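*Asks:* sequence first, predicted coordinates after that:
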Amino acid sequence: MCNKSKSSIFWGTLLLVIGGLILVSTYFHISIPIFKTILALLFIYVGIMIFTGNAFRKHKSTVIFGDSKLEAMPSQREYNVIFSSGEVDLSKTEFEKGKRVEINVIFGDGKVYLSKDKKYVISMSSVFGQAKDPVGGTVNFGENSFTNKPDSADEAIFIDANTVFGNMELYYI
């Protein structure tokens, strides 16, 4: 059963339960805490999704509440690691020259792997976190830029590395 079906079953069941609770409390004058019951069911659903590893994973470029390695694709523009630990491997992917890639780490720990042979222009920004470029430069609060081959920046791959309450390290492999 795919995630869309599980989600549809949950929401359909939740609506049926809400309707049933409203009918019971209206016609039989039984006091049922409808809001608390709905909130409890939502918490149970989210808990089950987190335990089974299906929680909030909508794209192959985003990991939330987990630990995952994201393989880069030439068509993908953005990669996200949120409340998680994740790796983004850009080293083997053939991006077109001038391609912009955005990597966001929010309340998590991210590692980004780059190829030594490719040209990069990296713009790092950090808010209450740390971003570390491949040669050891860091940003704890603010912005910094890094270029591995400054003579040919027009042929480079542009990376926006953003960190909020987290840690991101970029490595050459």
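*Replies:* Great, that's in hand. All values derive from a computational prediction rather than experimental measurement.
*Asks:* could you use CA atoms for every contact and neighbour count after this?
*Replies:* OK.
*Asks:* domains in the protein, by residue range?
*Replies:* Structural domains assigned to the chain are 3-52, 62-172, following automatic domain parsing.
*Asks:* which residues sit against whatever helix or strand E169 lives in?
*Replies:* Using DSSP states H and E, E169 sits within strand 167-172. By Cα atoms under 8 Å, 6 or more residues apart in numbering, the residues outside strand 167-172 that reach it are 105, 108-116, 129-134.
*Asks:* can you rerun that using 6 Å?
*Replies:* Here strand 167-172 makes contact (Cα atoms under 6 Å, 6 or more residues apart in numbering) with 109-116, 129-134.
*Asks:* quick one: strands adjacent to it?
*Replies:* Note on strand 167-172: by DSSP bridges, its sheet partners are strand 109-114 (parallel), strand 130-132 (parallel).
*Asks:* mean pLDDT lowest for which of the domains of the chain?
*Replies:* Lowest mean pLDDT of the domains of the chain: domain 3-52, a mean of 74.
*Asks:* now find how far off-centre that one is within its chain.
*Replies:* Per Cα atoms, centre = their mean, to the nearest Å, the displacement of domain 3-52 from the mean C-alpha position of its chain is 28 Å.
*Asks:* do stretch 76-94 as well
*Replies:* On Cα atoms, centre = their mean, the centre of stretch 76-94 falls 9 Å from that of its chain.
*Asks:* okay, the strands paired with strand 167-172, which one's buried deepest?
*Replies:* strand 130-132 (a mean of 24; mean count of other Cα atoms under 10 Å).
*Asks:* what helices or strands is the following helix or strand past that strand leaning on?
*Replies:* Once strand 130-132 ends, the next helix or strand along the chain (criterion: DSSP H and E) is strand 138-139. In terms of contacts (3 or more Cα pairs under 6 Å, 6 or more residues apart in numbering; DSSP states H and E), strand 138-139 is packed against strand 130-132.
*Asks:* what residue in the chain is the furthest from its centre?
*Replies:* With distances taken as Cα atoms, centre = their mean, the residue sitting farthest from the centre of the chain turns out to be F28, at 46.6 Å.
*Asks:* show me the longest helix that occurs in the chain.
*Replies:* In the chain, taking DSSP state H as the definition, the longest helix is helix 3-27.
*Asks:* after it, which helix or strand is next?
*Replies:* In N-to-C order, the element after helix 3-27 by DSSP H and E is helix 34-52.
*Asks:* end-to-end on stretch 156-172?
*Replies:* This stretch, stretch 156-172, spans 15 Å end to end (Cα to Cα, to the nearest Å).
*Asks:* how about stretch 90-97?
*Replies:* Start-to-end span of stretch 90-97 (Cα to Cα) is 14 Å.
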